[in-house]
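Enquirer: pasting the sequence and the predicted model now:
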Amino acid sequence: MEARLDGVDRAETLQYLSYRGSFLDEALRGELDRCEELLLRTARPRLVWRLFKLLPDGSLEGTDYRPGGRDVHEMLRDCDEVVLLAATLGTEAESLIRRAAARNMGEAVILDATGSAAIERVCDNFCADLAASVAPRFLTDRFSPGYGDMPLTDQKPFFRVLDVSRRIGVSLSASGLMIPQKSVTALIGVADRPQPRRSRGCESCGMAEGCPYRKEGKSCGKQ
(Lines give C-alpha, C1' and ligand atoms only; values in the text may rest on other atoms or scores of the structure.)
Protein backbone atom coordinates (compact mmCIF):
# COMPACT_ATOMS: atom_id res chain seq x y z
CA MET A 1 0.00 0.00 0.00
CA GLU A 2 1.23 3.46 -0.92
CA ALA A 3 0.78 6.83 0.75
CA ARG A 4 -2.23 8.62 -0.75
CA LEU A 5 -3.02 12.29 -0.22
CA ASP A 6 -6.16 13.01 -2.23
CA GLY A 7 -7.38 16.12 -0.46
CA VAL A 8 -7.71 17.81 2.92
CA ASP A 9 -10.72 17.82 5.24
CA ARG A 10 -11.55 21.53 5.61
CA ALA A 11 -13.42 20.93 8.87
CA GLU A 12 -10.36 19.23 10.30
CA THR A 13 -8.13 22.12 9.25
CA LEU A 14 -10.49 24.52 11.03
CA GLN A 15 -10.40 22.32 14.10
CA TYR A 16 -6.61 22.52 14.19
CA LEU A 17 -6.97 26.30 13.83
CA SER A 18 -9.35 26.28 16.82
CA TYR A 19 -11.86 28.09 14.64
CA ARG A 20 -15.19 28.27 16.45
CA GLY A 21 -17.21 30.32 13.97
CA SER A 22 -20.02 28.94 11.85
CA PHE A 23 -19.33 31.28 8.93
CA LEU A 24 -16.23 31.65 6.75
CA ASP A 25 -15.88 35.04 5.15
CA GLU A 26 -14.65 35.27 1.58
CA ALA A 27 -11.14 36.33 2.57
CA LEU A 28 -10.58 33.42 4.96
CA ARG A 29 -12.12 30.93 2.55
CA GLY A 30 -9.82 32.15 -0.19
CA GLU A 31 -6.75 31.88 2.04
CA LEU A 32 -7.72 28.35 3.07
CA ASP A 33 -8.20 27.38 -0.57
CA ARG A 34 -4.81 28.82 -1.51
CA CYS A 35 -2.96 27.15 1.36
CA GLU A 36 -4.59 23.78 0.72
CA GLU A 37 -3.67 23.91 -2.96
CA LEU A 38 -0.10 24.90 -2.11
CA LEU A 39 0.31 22.20 0.52
CA LEU A 40 -1.15 19.47 -1.69
CA ARG A 41 1.13 20.50 -4.54
CA THR A 42 4.21 20.53 -2.32
CA ALA A 43 3.80 17.52 -0.01
CA ARG A 44 5.50 14.25 -0.91
CA PRO A 45 3.78 11.74 1.41
CA ARG A 46 5.52 8.48 2.25
CA LEU A 47 4.77 5.62 4.61
CA VAL A 48 6.15 2.34 5.90
CA TRP A 49 4.21 -0.40 7.67
CA ARG A 50 4.47 -3.99 8.84
CA LEU A 51 2.00 -6.61 10.09
CA PHE A 52 2.96 -8.62 13.20
CA LYS A 53 1.43 -11.47 15.14
CA LEU A 54 0.46 -10.33 18.65
CA LEU A 55 1.84 -12.77 21.21
CA PRO A 56 0.08 -13.66 24.49
CA ASP A 57 2.52 -11.51 26.51
CA GLY A 58 1.56 -8.45 24.44
CA SER A 59 4.76 -8.33 22.41
CA LEU A 60 5.05 -8.43 18.63
CA GLU A 61 6.37 -11.65 17.13
CA GLY A 62 9.92 -11.43 15.81
CA THR A 63 10.69 -8.29 17.82
CA ASP A 64 11.55 -7.32 21.40
CA TYR A 65 8.81 -4.68 21.35
CA ARG A 66 5.85 -4.74 23.72
CA PRO A 67 3.66 -1.61 23.38
CA GLY A 68 3.58 0.30 26.66
CA GLY A 69 0.60 1.40 28.73
CA ARG A 70 -2.73 -0.13 29.71
CA ASP A 71 -4.85 1.77 27.18
CA VAL A 72 -3.34 0.23 24.09
CA HIS A 73 -3.52 -3.31 25.50
CA GLU A 74 -7.18 -2.75 26.32
CA MET A 75 -7.73 -1.69 22.72
CA LEU A 76 -5.93 -4.81 21.47
CA ARG A 77 -7.64 -7.33 23.74
CA ASP A 78 -9.60 -8.99 20.88
CA CYS A 79 -6.70 -8.81 18.40
CA ASP A 80 -4.19 -11.40 17.28
CA GLU A 81 -2.33 -9.19 14.80
CA VAL A 82 -1.01 -5.65 14.94
CA VAL A 83 0.07 -3.24 12.21
CA LEU A 84 2.79 -0.68 12.91
CA LEU A 85 2.61 2.41 10.69
CA ALA A 86 4.80 5.45 10.17
CA ALA A 87 3.78 8.17 7.69
CA THR A 88 5.02 11.63 6.75
CA LEU A 89 4.27 14.52 4.40
CA GLY A 90 8.01 14.82 3.77
CA THR A 91 10.62 17.54 4.16
CA GLU A 92 9.09 19.51 1.31
CA ALA A 93 5.97 20.34 3.33
CA GLU A 94 8.11 21.15 6.34
CA SER A 95 10.19 23.61 4.32
CA LEU A 96 7.06 25.22 2.88
CA ILE A 97 5.72 25.97 6.37
CA ARG A 98 9.06 27.29 7.61
CA ARG A 99 9.45 29.62 4.65
CA ALA A 100 5.95 30.96 5.24
CA ALA A 101 6.76 31.57 8.93
CA ALA A 102 9.65 33.84 7.90
CA ARG A 103 7.46 36.12 5.80
CA ASN A 104 3.81 35.76 6.86
CA MET A 105 2.90 34.16 10.18
CA GLY A 106 -0.81 34.08 9.37
CA GLU A 107 -0.14 32.03 6.26
CA ALA A 108 2.22 29.78 8.21
CA VAL A 109 -0.45 29.05 10.82
CA ILE A 110 -2.96 28.03 8.13
CA LEU A 111 -0.36 25.92 6.31
CA ASP A 112 0.56 24.22 9.58
CA ALA A 113 -3.07 23.36 10.32
CA THR A 114 -3.57 22.21 6.74
CA GLY A 115 -0.51 19.99 7.06
CA SER A 116 -1.91 18.40 10.22
CA ALA A 117 -5.18 17.64 8.43
CA ALA A 118 -3.24 16.34 5.42
CA ILE A 119 -1.17 13.79 7.35
CA GLU A 120 -4.42 12.62 8.95
CA ARG A 121 -5.85 12.07 5.46
CA VAL A 122 -2.80 9.99 4.52
CA CYS A 123 -3.33 7.82 7.61
CA ASP A 124 -7.09 7.57 7.03
CA ASN A 125 -6.51 6.47 3.43
CA PHE A 126 -4.00 3.86 4.58
CA CYS A 127 -6.49 2.50 7.11
CA ALA A 128 -9.19 2.31 4.44
CA ASP A 129 -6.83 0.36 2.18
CA LEU A 130 -5.75 -1.86 5.07
CA ALA A 131 -9.36 -2.57 6.05
CA ALA A 132 -10.09 -3.70 2.50
CA SER A 133 -7.03 -5.95 2.48
CA VAL A 134 -7.83 -7.73 5.77
CA ALA A 135 -11.60 -8.11 5.18
CA PRO A 136 -13.64 -9.88 6.41
CA ARG A 137 -11.56 -9.18 9.53
CA PHE A 138 -11.78 -5.84 11.37
CA LEU A 139 -9.48 -3.04 12.49
CA THR A 140 -9.24 -1.08 15.69
CA ASP A 141 -8.65 2.66 15.67
CA ARG A 142 -5.13 4.03 15.41
CA PHE A 143 -3.16 4.52 18.62
CA SER A 144 0.04 6.57 18.77
CA PRO A 145 2.93 6.83 21.23
CA GLY A 146 2.29 9.73 23.58
CA TYR A 147 -1.49 9.23 23.43
CA GLY A 148 -3.44 8.01 26.47
CA ASP A 149 -0.95 6.30 28.79
CA MET A 150 1.21 4.96 25.94
CA PRO A 151 4.62 6.52 26.63
CA LEU A 152 6.27 8.76 24.07
CA THR A 153 9.39 6.63 24.55
CA ASP A 154 7.62 3.99 22.44
CA GLN A 155 8.69 6.09 19.46
CA LYS A 156 12.15 4.55 19.69
CA PRO A 157 11.10 0.91 19.18
CA PHE A 158 8.66 2.05 16.46
CA PHE A 159 11.55 3.65 14.61
CA ARG A 160 13.83 0.66 15.15
CA VAL A 161 11.32 -2.03 14.15
CA LEU A 162 10.10 -0.17 11.03
CA ASP A 163 13.52 1.31 10.14
CA VAL A 164 11.66 4.60 9.82
CA SER A 165 14.61 6.96 9.34
CA ARG A 166 16.06 4.99 6.45
CA ARG A 167 12.77 4.02 4.83
CA ILE A 168 10.92 7.35 4.83
CA GLY A 169 13.44 9.94 6.02
CA VAL A 170 11.87 10.80 9.40
CA SER A 171 14.16 11.34 12.38
CA LEU A 172 13.47 11.48 16.10
CA SER A 173 14.44 14.34 18.41
CA ALA A 174 15.84 13.77 21.91
CA SER A 175 12.37 14.52 23.34
CA GLY A 176 10.69 11.97 21.05
CA LEU A 177 9.15 14.38 18.53
CA MET A 178 9.40 13.57 14.85
CA ILE A 179 11.19 15.58 12.17
CA PRO A 180 9.56 16.49 9.79
CA GLN A 181 6.80 17.46 12.20
CA LYS A 182 3.96 16.45 9.88
CA SER A 183 4.62 12.78 10.58
CA VAL A 184 2.68 10.11 12.48
CA THR A 185 3.45 6.76 14.05
CA ALA A 186 0.56 4.51 15.04
CA LEU A 187 -0.43 0.94 15.70
CA ILE A 188 -3.65 -0.69 14.55
CA GLY A 189 -5.08 -3.99 15.78
CA VAL A 190 -6.65 -6.70 13.61
CA ALA A 191 -9.50 -8.78 15.04
CA ASP A 192 -12.15 -11.28 14.00
CA ARG A 193 -15.07 -9.15 15.17
CA PRO A 194 -16.02 -5.47 14.82
CA GLN A 195 -14.11 -3.18 17.19
CA PRO A 196 -15.59 -0.23 19.11
CA ARG A 197 -14.67 3.26 18.00
CA ARG A 198 -12.72 5.13 20.63
CA SER A 199 -12.96 8.79 21.63
CA ARG A 200 -10.88 10.97 19.33
CA GLY A 201 -8.69 13.98 19.90
CA CYS A 202 -6.67 15.67 22.62
CA GLU A 203 -9.67 16.32 24.86
CA SER A 204 -10.12 12.60 25.54
CA CYS A 205 -6.41 11.88 26.04
CA GLY A 206 -5.20 11.16 29.54
CA MET A 207 -1.84 12.79 28.72
CA ALA A 208 -3.34 16.04 27.46
CA GLU A 209 -2.18 18.21 30.36
CA GLY A 210 1.51 17.39 30.07
CA CYS A 211 1.66 16.41 26.39
CA PRO A 212 4.93 17.56 24.73
CA TYR A 213 3.12 17.88 21.40
CA ARG A 214 0.49 20.26 22.79
CA LYS A 215 3.19 22.33 24.53
CA GLU A 216 4.61 23.05 21.09
CA GLY A 217 1.17 23.69 19.56
CA LYS A 218 1.16 20.36 17.70
CA SER A 219 -0.68 17.05 17.80
CA CYS A 220 0.52 13.47 17.98
CA GLY A 221 -1.97 12.65 15.21
CA LYS A 222 -5.62 12.37 16.26
CA GLN A 223 -6.66 8.88 17.15
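Expert: Yes, it's here.

Enquirer: could I get the average pLDDT for the longest helix along the chain?
Expert: Criterion DSSP state H: the longest helix present in the chain is helix 105-134. The average pLDDT within helix 105-134 is 97.

Enquirer: tell me the buried residues in the helix or strand hosting residue 85?
Expert: Using DSSP states H and E, residue 85 maps to strand 79-88. Using 16 or more other CB atoms under 10 Å as the test for burial, strand 79-88 gives 79, 81, 82, 83, 84, 85, 86, 87, 88. Just so you know, the C-beta spots here come from the backbone N, C-alpha and C atoms, and that holds for glycine as well.

Enquirer: strands paired with it, and their directions?
Expert: Paired strands of strand 79-88, with direction, are strand 46-53 (antiparallel), strand 183-191 (antiparallel) (DSSP bridges).

Enquirer: would you confirm that residue 179 contacts residue 170?
Expert: Yes: using CB atoms under 8 Å, residue 179 is in contact with residue 170, at 6.8 Å.

Enquirer: these two - which one has more neighbours?
Expert: The neighbour comparison of residue 179 against residue 170 (other CB atoms under 10 Å) goes to residue 170, with 25 against 15.

Enquirer: could you measure from the more buried one over to residue 56?
Expert: As judged by CB to CB, to the nearest Å, residue 170 and residue 56 stand 31 Å apart.

Enquirer: and the strands in the protein?
Expert: With DSSP state E, the ranges of strands along the chain come out as 46-53, 79-88, 138-143, 171-172, 178-179, 183-191.

Enquirer: list the strands paired with the fourth one, with their directions.
Expert: Spelled out, it's strand 171-172. Applying DSSP bridges, strand 171-172 is found paired with strand 178-179 (antiparallel).

Enquirer: just give me the closest of the buried residues of strand 79-88 to residue 185.
Expert: residue 86 (4.8 Å; CB to CB).

Enquirer: most distant residue from the centre of this protein?
Expert: residue 26 (30.5 Å; CA atoms, centre = their mean).

Enquirer: list the contacts of that one.
Expert: Contact analysis of residue 26 by CB atoms under 8 Å, 6 or more residues apart in numbering lists nothing.

Enquirer: can you pull out the low-pLDDT segments for this protein?
Expert: Residue ranges of the chain with pLDDT under 70: 199-223.

Enquirer: give me that answer again for 80
Expert: Along the chain, segments meeting pLDDT under 80 span 21-22, 197-223.

Enquirer: tell me, how many residues neighbour the closest residue to residue 148 other than its chain neighbours?
Expert: Nearest residue to residue 148, sequence neighbours excluded (CB to CB, 6 or more residues apart in numbering): residue 71, at 3.6 Å. Residue 71 is flanked by 19 other residues according to other CB under 10 Å.

Enquirer: which ones are touching residue 71?
Expert: Residues near residue 71 by CB under 8 Å, 6+ apart: 143, 147, 148, 149, 150, 206.

Enquirer: excluding chain neighbours, what is closest to the fourth one?
Expert: In this case it means residue 149. Setting aside the residues directly before and after it, residue 149 is nearest to residue 69 in space (CB to CB, 6+ apart), at 4.0 Å.

Enquirer: go ahead and confirm residue 155 touches residue 178.
Expert: Yes: the criterion here is CB under 8 Å, and residue 155 meets it with residue 178 at 7.4 Å.
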